[in-house]
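[1] here is my input, please return the structure:
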Amino acid sequence: MAIIEHLEAFAIKKALGYMDKEPEANIPKLLGWFDKLDAKNMHLRERTAIRQVISDKDSNWYKLIMSLWQDIDPGVRNRLFENFVVNAGFLGYQRQVDNKQKYNCNIPWAILMDPTSACNLNCTGCWAAEYGNHMNLTFEEMDSIVKQGVELGTYMYLFTGGEPMVRRKDIIKLCESHPDCIFSTFTNGTLIDEAFADDMLRVKNFIPAISVEGFEEATDSRRGEGTYQKIIKAMNILKSKRLPFGISCCYTSANAEVIGSEEYFDQMIAMGAKFAWFFTYMPVGKGAVKELMATAEQREMMYHKIREYRSSKPIFTVDFWNDGEYVGGCIAGGRSYLHINANGDIEPCAFIHYSDSNIREKTLLEAYRSPLFMGYHDNQPWNKNHLRPCPVLDNPGRLTQLVEKIGAKSTDYQNLESAEEFSSKCVETAEKWAPVAERLWKESRTKKEEEQLVSPCVGCGHCVEREEKAI
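    Coordinates of the predicted model:
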């Protein structure tokens, strides 16, 4: 079976190279190959969506796909396609499914890890600002995480922090050591320079997601004066060298209207961004600014705006809260991803700072089968309404019950915060969001019956699962 899979993967690699000659003519042919390889229809939804996209040459999605040939270095594009489509999407997903069945636990599509707790900025409302340069994963530890992950089927690795680019030499070294994987980072962008961009061109398997809070005033007000102009400089460097990048946006009560504006989307697309990750502000840590939490009205506004722009703007977008309806609710706890902090603590989510496992004491597989991760495995989705996916922000008390039951420890080593304290900050917000989410959920279910939804798939392979849970 493994030999057959690798032969099929080899065929896909050859086909991807064939695409460079005439992408417009050869994309339909490539889809024909995938139809034959996907005999179990595990990626039917994705194949159907792509086929719809390429049939309309005036669509924003078609323009986005074609821009990957116009704007991105061929060597980088081919390496990323190979790693994303063949390794993460085909070989890796098959391995994940097999291991999920074998071990009866979640196996993630992606792993987030913090190379360091250090950061060169001090952003308002960010828990990392409290940590300082106290915690770091060694290169050997990060290398071991990737090796263990690949063995179980995970080929996607993202860096968070702190500011991951403080460890940029080790990040590039990891890219060199694992050319079959995709690496990305959430970064403030201020440490991206010509030299690092040249390293990206060389390794070909690294994509930054640059954090932007809006335009200059909003970004500088939270991240510090002059930050926005440094971000623009970094984007210009990446664009000039034909390197792919995206943006990471945290919408708050202070900037939601700006981040959700058409002007903002158009500006980021003009700068060269190919994707955008959207998060809503979480009051993590005792130093969190609760007032920055987005209101129910602002969250609904983002729900509608992002869906509107998906049909009109050539940029790939994911809203990690409001897109719960597409992926069956919460994707944390290893269901699609997990987080390893700079102290080695293995956490269900980047925003859930509680753990019962450490990479220095347990293997990844042992952590996946630990009480905390099995608690996620057995309780997801946390709510039948997948527009209320989070066990804290949307369902305060669910995480508290789990953490207290199994005795998971707080991983915030500066100011320990109990799960109850964390959840209590979200009660009012959750209560106000609940009726809005119920209305949107009913409207979405009605619309789903009338027309097929086009999912913002990230290749995590939960197509069949999310369809079953959405019913």
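
[2] what about Y264, how many neighbours?
    When neighbours are defined as other CB atoms under 10 Å, Y264 has 21 of them. (Glycine included, C-beta is placed from N, CA and C.)

[3] report pLDDT for the residue nearest to E141 when sequence neighbours are not counted.
    Distances taken as CB to CB, 6 or more residues apart in numbering place I359 nearest to E141, at 6.2 Å, with adjacent residues excluded. Looking at I359, its pLDDT reads 98.

[4] so I359 touches D143, yeah?
    No: judged on CB atoms under 8 Å, I359 makes no contact with D143 at a distance of 11.5 Å.

[5] which of those two has more neighbours?
    Each of I359 and D143 has its neighbours counted (other CB under 10 Å); I359 has more, 22 against 16.

[6] does L112 lie in a helix or a strand, and which?
    Element membership for L112 (DSSP states H and E) is strand 110-113.

[7] just checking, L364 touches K147?
    No: in this structure, L364 is not within contact of K147 by CB under 8 Å, at 9.6 Å.

[8] what about the two, which has more around it?
    L364 (24 against 12).

[9] okay, the nearest residue to V150 once chain neighbours are set aside: pLDDT?
    Counting by CB to CB, 6+ apart, V150 lies nearest to C181, which is 6.8 Å off, once chain neighbours are set aside. C181 is assigned a pLDDT of 98 by the prediction.

[10] pull the contacting residues for C181.
    83, 87, 146, 150, 155-157, 175, 205 (CB atoms under 8 Å, 6 or more residues apart in numbering).

[11] got the end-to-end distance for stretch 78-93?
    20 Å (CA to CA, to the nearest Å).

[12] and the longest helix seen in the chain, what does it pack onto?
    Scanning the chain for the longest helix, with DSSP state H as the assignment, gives helix 427-450. Counting contacts by 3 or more CB pairs under 8 Å, 6 or more residues apart in numbering; DSSP states H and E, helix 427-450 packs against helix 296-310.

[13] 10 Å instead?
    helix 296-310, helix 324-327, helix 463-470 (3 or more CB pairs under 10 Å, 6 or more residues apart in numbering; DSSP states H and E).

[14] can you lay out those helices as a markdown table showing distance to I171?
    Formatted as a markdown table, the helices and strands packed on helix 427-450 follow (distance: least, CB to CB, whole Å):
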| stretch | distance to I171 |
| --- | --- |
| helix 296-310 | 29 |
| helix 324-327 | 27 |
| helix 463-470 | 31 |
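
[15] domain map for the protein?
    Residue ranges for the domains of the chain, per automatic domain parsing: 2-71, 105-471.

[16] mind checking the SS state of L338?
    Under the three-state scheme (DSSP: H, G, I helix; E, B strand; the rest coil), L338 adopts strand.

[17] brain fart, Q101
    helix.

[18] next, count neighbours for it.
    So Q101, with other CB under 10 Å, has 10 neighbours.

[19] now the helix or strand containing L238, how far from the centre of its chain.
    According to DSSP H and E, L238 maps onto helix 227-240. Distance of helix 227-240 from the chain centroid (CA atoms, centre = their mean, to the nearest Å) equals 22 Å.

[20] and the very next helix or strand once past that helix with helix 296-310, angle?
    Counting by DSSP H and E, the next helix or strand C-terminal to helix 227-240 is strand 246-251. Interaxial angle, strand 246-251 versus helix 296-310 (axes from the mean of the first three to the mean of the last three CA atoms, to 10 degrees): 160 degrees.

[21] whatever helix or strand V318 lives in pairs with which strands, and in what direction?
    Assigning secondary structure by DSSP H and E places V318 in strand 316-319. According to DSSP bridges, strand 316-319 forms sheet pairs with strand 275-280 (parallel).

[22] starting at the chain centroid, how far to the strand it pairs with?
    8 Å.

[23] ok, and for the helix holding L238, which residues are buried?
    227-228, 230-232, 234-235, 237-239 (16 or more other CB atoms under 10 Å).
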